[in-house]
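In: after the sequence you'll find the predicted model.
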Amino acid sequence: MESKSNVLMQRYELGRLLGQGTFGKVYYARSAITNQSVAIKMIDKDKVMKTGQTEQIKREISVMRLARHPNVIQLFEVMASKSKIYFVMEYAKGGELFNKVAKGKLKEEVAHKYFKQLINAVDYCHGRGVYHRDIKPENILLDENGNLKVSDFGLSALAESKRQDGLLHTPCGTPAYVAPEVIKRKGYDGAKADIWSSGIVLFVLLAGYLPFHDPNLIEMYRKISKAELKYPSWFPPEVCELLSKMLDPNPDTRISIANIREYGWFKKGPNTKSKRPEVENNTDSSSSTSHSDQNDETDGVAPDAKDESVVPTSINAFDIISLSAGFDLSRFFDESFQKREARFSSRLPASVIISKLEDIAKQLRMKIKKKAAGLLKLEGFDEGRKGVLSIDAEIFEVTPLFHLVEVKKSNGDTLEYQKILKEDIRPALQDIVWVWQSDQQLQSQQSEQQLQVDDQQQQQPGITPPQF
Ligand code: ATP
Ligand code: MG
């Protein structure tokens, strides 16, 4: 494990690495003056400059410097050197809240306590004009008393830049918590996006798994956009109603914080006999008569939650590239699906992929109808059998040099589309494609057969194309 042992700005003794995010590292530290424990987030200045939102960041940080709320990680000070910015913050000793959920769903009163604290934190910051935009497990921490602390409030410009990186949206991080309008890259209201993510958090706390989960990233995006929810049997009806309003795919009709507060469940919590709402320990099974507890057993991990066994996961570039076996390929073996969509990976920059697609459109005498963030729409001029042929190419950035591209027909005749895809588009893309998904499935099927033939043989190390 990485550690540094030096003194920062003659003020803080740096300790162990607490974690790493997209923009830098977070270290444990101790004030040389007061001996107080702190966490220091170190960010490269150029990374912040690149976002082009330094003014917004400065504004938000100055607001957060004055913010004091029991459920918001306090920002003690901001320091800077030539190349780095240091955020000195309150240290959350209890680590990430979701480490608890990783063991299974929480008891209803415990989930209620955390949810209430989360909404209080979010409401407080919204009241000061600061939106989080990146509420996710890594940013929901616990202090030594088991109280929830939201971190990274005031850094929404950074969260934003991760997504709006030029033309692309990046699936690095956790798309599972991101509101549909954010995924669709429309202009969006930060307050409503935070309410969506808080709804996902509540669902995960009570269920022990994500509401819109799919091992395939693109499929996960689809599920989120549709917001089709299935509530576990142990969810109280009032919670289902609240969640359906928080996870409303339309931000305009999505519930406000003021209205969340109106819910009896929010105000009072679960219908419990015993008055021990602060109990945070999973082993307590005596305190509640609520539906959620009927199944609770040792460790507070209900057997039904175990059966679901989908622990919330965050997907990042590393997962996609090196743990790609985790990506479920089964549905792509379905022929009807393959006929509609084609996917490939590329190790070239997005700009190269885009200009290649533009060239292809020209060659095919199709016009580029829409060029939104990450999405190119190729449209024919002639009416075919079933109207004008329209093809969408959507680019997902995994890392700046690794992209997933999905090509699919959005209008027109399927046979015409398949013919063009096979005879024109695929060959024309040849020099930018690293691997086509279908080819790679073939390869993995073959290699599986090979492994069956000789399962003693060690796999050769080296770069293999990722699965997706
Ligand atoms: P992103 O790059 O999207 O911001 P992130 O939130 O995981 O992702 P960081 O905010 O840099 O990245 O935090 C990295 C890790 O450090 C977190 O996952 C968290 O576990 C830990 N951490 C951050 N702030 C604190 C804190 N104040 N106290 C204790 N641990 C912290
Ligand atoms: Mg963070």
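Out: Everything's here; your move. Ligands and ions are numbered 1, 2, ... in the order given.
In: please make it C-alpha for all contacts and neighbour counts, starting now.
Out: Fine.
In: alpha carbons only: can I get stretch 43-56 in PDB?
Out: C-alpha atoms of stretch 43-56 as PDB (Å, rounded to 0.1, in the frame of the first residue of the first chain):
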ATOM      1  CA  ILE A  43      -5.700  17.400  -6.800                       C
ATOM      2  CA  ASP A  44      -3.500  18.300  -9.800                       C
ATOM      3  CA  LYS A  45      -4.100  21.900 -10.600                       C
ATOM      4  CA  ASP A  46      -4.000  21.300 -14.400                       C
ATOM      5  CA  LYS A  47      -6.800  18.700 -14.000                       C
ATOM      6  CA  VAL A  48      -9.000  21.400 -12.400                       C
ATOM      7  CA  MET A  49      -7.900  23.900 -15.000                       C
ATOM      8  CA  LYS A  50      -8.800  21.500 -17.800                       C
ATOM      9  CA  THR A  51     -12.400  21.400 -16.600                       C
ATOM     10  CA  GLY A  52     -12.700  25.100 -17.600                       C
ATOM     11  CA  GLN A  53     -14.800  25.600 -14.600                       C
ATOM     12  CA  THR A  54     -12.400  27.100 -12.100                       C
ATOM     13  CA  GLU A  55     -14.700  30.000 -11.400                       C
ATOM     14  CA  GLN A  56     -17.600  27.700 -10.400                       C
END
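In: how about it: buried residues?
Out: Neighbour-count burial for stretch 43-56, counted by 16 or more other Cα atoms under 10 Å, picks out 43, 44, 45, 47, 48, 51.
In: give me the residues contacting that stretch.
Out: 23, 24, 25, 83, 84, 85, 86, 157, 158, 161 (Cα atoms under 8 Å, 6 or more residues apart in numbering).
In: mind telling me what element residue 149 is part of?
Out: Applying DSSP states H and E as the criterion places residue 149 in strand 148-150.
In: just the ones in helices from the contacts of stretch 43-56, please.
Out: Those of these mapping onto helices are 157, 158, 161, per DSSP state H.
In: which one of those residues is nearest to residue 227?
Out: The nearest member of these to residue 227, counting by Cα to Cα, is residue 161 at 24.6 Å.
In: how close does the nearest residue to the closest one once chain neighbours are set aside sit to residue 397?
Out: Of all residues not flanking residue 161 in the chain, residue 51 sits nearest, at 5.6 Å (Cα to Cα, 6 or more residues apart in numbering). In this view, residue 51 and residue 397 are 16 Å apart by Cα to Cα, to the nearest Å.
In: could you list the low-pLDDT ranges of the stretch 301-450 of the chain?
Out: Confidence mapping of the stretch 301-450 of the chain against pLDDT under 70 gives the ranges 301-340, 370-373, 398-400, 402, 437-450.
In: got the ones in helices among the contacts of stretch 43-56 as JSON lines, with neighbour count and pLDDT columns?
Out: What follows is the ones in helices among the contacts of stretch 43-56, written out as JSON lines (neighbours: other Cα atoms under 10 Å; pLDDT from 0 to 100):
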{"residue": "157", "neighbour count": "22", "pLDDT": "78"}
{"residue": "158", "neighbour count": "24", "pLDDT": "77"}
{"residue": "161", "neighbour count": "18", "pLDDT": "70"}
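In: and the pLDDT for the residue nearest to residue 161?
Out: pLDDT recorded at residue 51 is 76.
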